[in-house]
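J.: Sequence plus the predicted model coming up.
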Amino acid sequence: MFTLRNQTKSLRKFIGGERRVRILMESTMVDPKTSVGGGVQDVYGEDRATEDQLVTPWTFSIASGCTLLRDPHHNKGLAFSEKERDAHYLRGLLPPAVLTQELQEKKVMQSLRKYEVPLQRYMAMMDLQERNERLFYKLLIDNVEELLPVVYTPTVGEACQKYGTIFRRPQGLYISLKEKGKILEVLKNWPEKDIQVIVVTDGERILGLGDLGCQGMGIPVGKLALYTALGGLRPSACLPITIDVGTNNQKLLDNEFYIGLKQKRATGQEYADLLHEFMSAVKQNYGEKVLVQFEDFANHNAFELLSRYSKSHLVFNDDIQGTASVVLSGVVAALKLVGGTLPDHKFLFLGAGEAGTGIAELIALEISKQTQSPVEETRKKIWLVDSKGLIVSSRKESLQHFKKPWAHEHEPVKELIDAVKAIKPTVLIGSSGVGQTFTKEVVEAMASFNEKPIILALSNPTSQSECTAEQAYTWSEGRAIFASGSPFDPVEYDGKVFSPGQANNAYIFPGLGLGLVMSGAIRVHDDMLLAASEALAGQVSQENFDKGLIYPPFSNIRKISAHIAANVAAKAYELGVATRLPRPENLVKYAESCMYSPIYRNYR
Ligand SMILES: O=C([O-])CC(=O)C(=O)O
Ligand SMILES: [Mg+2]
């Protein structure tokens, strides 16, 4: 544990010859990486405040003058006060006006709204993040519904496609085959030591856009921005990583500006060895409480990595487990609108990859808990269609292992529309990554045998959505309960306005991560996904239901995340995998008290 004296000592060592002064920060908010006061924040790890330090709500930094203005963690731009400008050698380096953070926010929002091209907004936001981190998060938190589509799906997809040309400064760690044998050293190069969450991709299946190789870095960066904005994890505790084993995307290989390794993807033992070195180095460097979120790996590696490391590491696959939890929550909430219990419903998926089989398995697990019947039985209510048609027992031999549990007795069916007519599902879920596959005929069929068909078009970004909100409402004559992975604007049909929900894992992973971190959990368990799902469904209000919504608005996301975190932490304690003892009494309050605040601190 750090003490003030220790910090001073290490600072002296660090300061060297440069003119740098210490900054004392006053704040009621706590962010123990940069402060040692204001409350006990175990979630933030070993360098948290001790009780006797709580009376001195200030901390050190080591920068002043230009260095301070160029340090995005501490820079406040024109919001530095007169006193701070004197004390920290800022005189003359800033124009005379002093602005409040609110006014800065207003200014940046105004200029963002002037950009008509989404990618320009994305780049402006990334610039802000690299210039003034607290202002970036203040904007994101206060304008979450407007800015989520900018820093996240759909715009982040386009950003990844063009990452090579828009690349300015590295925002995370790149670990390529060149770093084989040196991964631990690479981790040590990252400036922050106290890491709580890592989001890692190998870029092989970025959203529904396919193999974007090293340019997939936009995804871990975006997901971690949401960890902070939506879940309240401290930015300095978040580490985006891209593992580069090559790419099979010929266009990228042929592009002179491509930022990654120019070779075909390594596979087999070479791939497994690099990933194993990475996972071991992570545990060695950060301990066993660091959460590793796998993101946008291709199917074969995603399932393999999750099953290989879930017994030895705190790992979570967002595309399999996060999506499952958010979709289960939406379906449970939808029951209020369509009636019946979960076991009364019948499910058909288009897409049998990570999302499809992940959701299917969690639904089967929940039905099995509710009916106390074996999961092998409850799976029979769930049918999946992949690129070769309905998954049926006669195909079993040739199926990938994660599809086998879904091969039920049925004659072969090739097309989705025929599967819809044969199975007559009450819930249709698209997780194929292929846009415009829920055709007019498919939606009409769903509406012909369901009073209120539940239709979830989950594929991202918007271009890959199985159908648009407008199509779902129009083709079902306004009867569909619809939600999509990427956001759609409200739709007017027959004089009525329909607001589609966003069934996106952004509802779940930030709160789930907070719950794991704040309880010091060392393993992720399926029951935690069910607990997260239940917490999310519990946050849908009558007012939301009245509008046909099955998810609460994102504007309440911090409150939602606190409830998810509390439910997940409670499960961690119940299962005996929580190491933060004693268990806080009120977990919702505790979660809220742990959350990062983007409000500026006062420097003395
Ligand atoms: O990022 C998102 O919006 C959801 C997601 O994980 C994916 O589509 O891979
Ligand atoms: Mg993903």
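T.: Looks like it arrived, so ask away. Keep in mind it's a predicted model, so treat the numbers as computed, not measured. Ligands and ions are numbered 1, 2, ... in the order given.

J.: Tell me, how many residues neighbour the closest residue to residue 430 other than its chain neighbours?
T.: In space, and not counting its chain neighbours, residue 430 is closest to residue 466: 3.2 Å by Cβ to Cβ, 6 or more residues apart in numbering. Where C-beta positions appear, they are placed from N, C-alpha and C, glycine not excepted. If you count neighbours by other Cβ atoms under 10 Å, residue 466 ends up with 31.

J.: And residue 287, by the same measure?
T.: 13.

J.: got the phi/psi numbers for it?
T.: phi 90, psi -170 (degrees, to the nearest 10).

J.: hang on, residue 357 is in a strand, isn't it?
T.: No. Counting by DSSP: H, G, I helix; E, B strand; the rest coil, residue 357 is not found in a strand; it is helix.

J.: please renumber so the chain begins at 12
T.: OK, 12 is where the count begins now, so the last one is residue 368.

J.: Tell me which residues touch the residue nearest to it when sequence neighbours are not counted, please.
T.: Setting aside the residues directly before and after it, residue 368 is nearest to residue 413 in space (Cβ to Cβ, 6+ apart), at 5.1 Å. With contact set as Cβ atoms under 8 Å, 6 or more residues apart in numbering, residue 413 has these partners: 310, 314, 363, 368.

J.: do residue 252 as well
T.: Here residue 252 is in contact with 183, 184, 185, 186, 209, 210, 211, 212, 231 (Cβ under 8 Å, 6+ apart).

J.: can you rerun that using 6 Å?
T.: Going by Cβ atoms under 6 Å, 6 or more residues apart in numbering, residue 252 touches 183, 184, 209, 211.

J.: Kindly identify which of the residues you listed also come near ligand 1.
T.: Subset of the contacts of residue 252 in contact with ligand 1: empty, counting by Cβ under 6 Å from any ligand atom.

J.: how about the residues you listed in a markdown table, adding neighbour count and secondary structure?
T.: A markdown table is the format used below for the contacts of residue 252 (neighbours: other Cβ atoms under 10 Å; DSSP: H, G, I helix; E, B strand; the rest coil):
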| residue | neighbour count | secondary structure |
| --- | --- | --- |
| 183 | 21 | coil |
| 184 | 20 | strand |
| 209 | 25 | strand |
| 211 | 27 | strand |
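
J.: May I see these arranged in JSON lines, with pLDDT as well?
T.: Output for the contacts of residue 252, formatted as JSON lines (pLDDT from 0 to 100):
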{"residue": "183", "pLDDT": "95"}
{"residue": "184", "pLDDT": "97"}
{"residue": "209", "pLDDT": "98"}
{"residue": "211", "pLDDT": "98"}
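
J.: Tell me the secondary structure at the closest residue to ligand 1 within the stretch 212-361 of the chain.
T.: Residue nearest to ligand 1 within the stretch 212-361 of the chain (Cβ to the nearest ligand atom): residue 218, separated by 4.4 Å. Of the three states, residue 218 takes coil under three-state DSSP.

J.: Just to check, it is in contact with residue 169?
T.: No. Contact between residue 218 and residue 169 fails when scored by Cβ atoms under 6 Å: they sit 10.1 Å apart.

J.: For those two, indicate the residue with more neighbours.
T.: Using other Cβ under 10 Å as the criterion, residue 218 and residue 169 rank with residue 218 on top: 25 against 19.

J.: ok, the residue lying closest to that one once chain neighbours are set aside - how many residues close by?
T.: Closest residue to residue 218 apart from its sequence neighbours, by Cβ to Cβ, 6+ apart: residue 471 at 4.3 Å. Residue 471 has 25 neighbouring residues, counting by other Cβ under 10 Å.

J.: contacting residues for residue 471?
T.: Residue 471 is in contact with 164, 218, 219, 496, 497, counting by Cβ under 6 Å, 6+ apart.

J.: For the residue in the stretch 362-511 of the chain positioned nearest to ligand 1, grab phi and psi.
T.: Closest to ligand 1 within the stretch 362-511 of the chain is residue 471: 3.7 Å, counting by Cβ to the nearest ligand atom. Dihedral angles of residue 471 (phi, psi; degrees, to the nearest 10) stand at phi -120, psi 160.
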